[in-house]
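1. predicted model and sequence below, questions to follow.
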Amino acid sequence: MTAASNFSVQALQWTGHSLKVLDQRQLPETIAYDDYQDAAGVTEAIASMQVRGAPAIGIAAAYGVVLSAMRHYPGGDWQTRVAQDIEQLAASRPTAVNLFWALDKMRALLAAQPADPIAALTQLAKQIHADDLAANLAMGERGADIIGEAKAVLTHCNAGALATGGYGTALGVIRSLHKRGRLQNVYADETRPWLQGARLTVWELAQDGIPATLIADSAAAWLMKSGKIDWIIVGADRITANGDVANKIGTYSLAVLAKQHGVKVMVAAPSSTFDFSLENGDSIEIEERNPKELLAECYLHDGSLVNAWNPVFDVTPAALISAIVTERGAVIDPGKHGVRSLQTC
Ligand code: MRU
């Protein structure tokens, strides 16, 4: 972490023989880490949202592969067992492409048959982690350059240090703007039902001394109508070739509202979030979590007539987005241009 941020709590810590995972479900009341020594534990940590946020789950999965190799190498069938662990890690959550991107990189390294797979895999996982932090710092500056100055912005979910290798994507842009003295206030949506905004984002911002105001998700339209914000800044879980963006449920509603009210929408994401194999967002798998996460306690009994639908991501069409910012560059007006210009290979 650089002097750009005082935020020091890390979502993931590699110890050399285990992965310490901050239990984000307990924040902000309790800062507690669990220590995982196998891929099954990391898989469960991702599936249960102990660690969450697209880049962070990719990094966690990469370390999960290292732990798998440490456990199984040099047993006779170690390659098969590591491949099975990779399949389990890949099944932990479906929407954020960073997970599959990181696992593909680890798989490719294994296929190249390095002399010492553990050293090589460890080095790659650490590199994925370090590169994500560097990408965030770069896109923070780039996003701040594009915005220039804002009286206030609105962010949704948590796209901060907790969701990444550090510094954050959307919160990285916000941190950079604040550091420049070009941002007066940040509004954060609660982000139901997991409350990533209410529990994580406002806490992260407060640690850095960045003025933050929590709003109910349903207050966003009125906030825009009142002229209080210039930009909405969010992260992403998957961006397709035409610039469609999958992100936390509620992002699409914000973008529709933004159009109505003349507010601009910025998406900040590292290149590991791009899925150029998909032409548009129609075929992105949207995770649906257990309805119990939404339902009040009194409806959880057998035979209850009350049900719930709990999609946890949505897709915002490129045409509703003003700018997509990455460490490689930015596309203004992706609805007109798509994002293929950001593809390097
Ligand atoms: O369900 P979550 O908390 O993993 O969802 C996280 C988000 O939607 C974030 O906005 C996204 O992953 C970007 S994080 C830099």
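-> It's in.
2. buried residues, stretch 28-46. List them.
-> Within stretch 28-46, the residues scored as buried using 16 or more other CB atoms under 10 Å are 33, 36, 38-46. Bear in mind the C-beta positions are built from the backbone N, C-alpha and C, glycine included.
3. any idea of the mean pLDDT in it?
-> Over the span of stretch 28-46, the pLDDT mean works out to 98.
4. so how far does that stretch reach from one end to the other?
-> Using CA to CA, to the nearest Å, one end of stretch 28-46 lies 19 Å from the other.
5. how far does it sit from the chain's center?
-> 17 Å (CA atoms, centre = their mean, to the nearest Å).
6. about what we covered before: nearest to the ligand, of the buried residues of stretch 28-46?
-> The shortest gap between the ligand and any of the buried residues of stretch 28-46 belongs to residue 46, at 8.9 Å (CB to the nearest ligand atom).
7. wait, that closest one sits on residue 93?
-> Yes: Residue 46 lies in contact with residue 93 (CB atoms under 8 Å); the separation is 5.9 Å.
8. spatially nearest residue to the residue in the stretch 151-300 of the chain positioned nearest to the ligand (excluding sequence neighbours)?
-> Residue nearest to the ligand within the stretch 151-300 of the chain: residue 235 (2.8 Å; CB to the nearest ligand atom). Among residues not flanking residue 235 along the chain, residue 159 sits closest, at 2.9 Å (CB to CB, 6 or more residues apart in numbering).
9. following element in sequence after whichever helix or strand residue 107 is part of, please.
-> Element membership of residue 107, judged by DSSP states H and E, is helix 97-111. Toward the C-terminal end, the helix or strand that comes next after helix 97-111 (DSSP H and E) is helix 117-147.
10. related to what we said a few turns ago, surely the residue of the stretch 151-300 of the chain closest to the ligand meets residue 54?
-> Yes: shown here, residue 235 and residue 54 form a contact pair, counting by CB under 8 Å, at 6.9 Å.
11. quick check: neighbours shared by those two?
-> 163, 269, 273 (CB atoms under 8 Å, 6 or more residues apart in numbering).
12. closest one of these to residue 240?
-> Nearest to residue 240 among the shared contacts of residue 235 and residue 54: residue 273, at 10.4 Å, using CB to CB.
13. show me what contacts the closest one?
-> When contacts are counted by CB under 8 Å, 6+ apart, residue 273 touches 54-55, 96-98, 235-239, 326.
14. for it, what are phi and psi?
-> Backbone torsions of residue 273, given as degrees, to the nearest 10, read phi -90, psi -10.
15. residue 81 reaches residue 73, doesn't it?
-> No: assessed by CB under 8 Å, residue 81 is found out of contact with residue 73, at 9.0 Å.
16. does any part of stretch 42-59 sit near the ligand?
-> Yes: for stretch 42-59, a contact with the ligand is found by CB under 6 Å from any ligand atom, at 52-55.
17. neighbour-wise, which of those leads?
-> residue 55 (34 neighbours; other CB atoms under 10 Å).
18. so, in contact with the ligand or not, the helix holding residue 107?
-> No: using CB under 6 Å from any ligand atom, helix 97-111 stays clear of the ligand, coming no nearer than 7.9 Å.
19. buried stuff in that helix?
-> For helix 97-111, by 16+ other CB under 10 Å, it's 97-103, 105-107, 109-110.
20. same thing with stretch 280-298?
-> 281, 284, 286-287, 289, 295.
21. please report how far the nearest residue to residue 14 once chain neighbours are set aside lies from residue 323.
-> Excluding the flanking residues, the one nearest residue 14 by CB to CB, 6+ apart is residue 63, at 5.8 Å. From residue 63 across to residue 323, the span is 32 Å (CB to CB, to the nearest Å).
22. for the residue of the chain most remote from its centre, give me its contacts.
-> Centroid-distance maximum for the chain: residue 76 at 37.0 Å, with CA atoms, centre = their mean. Going by CB under 8 Å, 6+ apart, residue 76 touches no other residue.
23. and it, backbone torsions?
-> Backbone geometry at residue 76, expressed as degrees, to the nearest 10, gives phi -50, psi -40.
24. and it, what pLDDT?
-> Looking at residue 76, its pLDDT is 90.
25. again, but for residue 303
-> Here, the pLDDT recorded for residue 303 equals 88.
26. ditto for residue 345
-> You'll see residue 345 listed with a pLDDT of 54.
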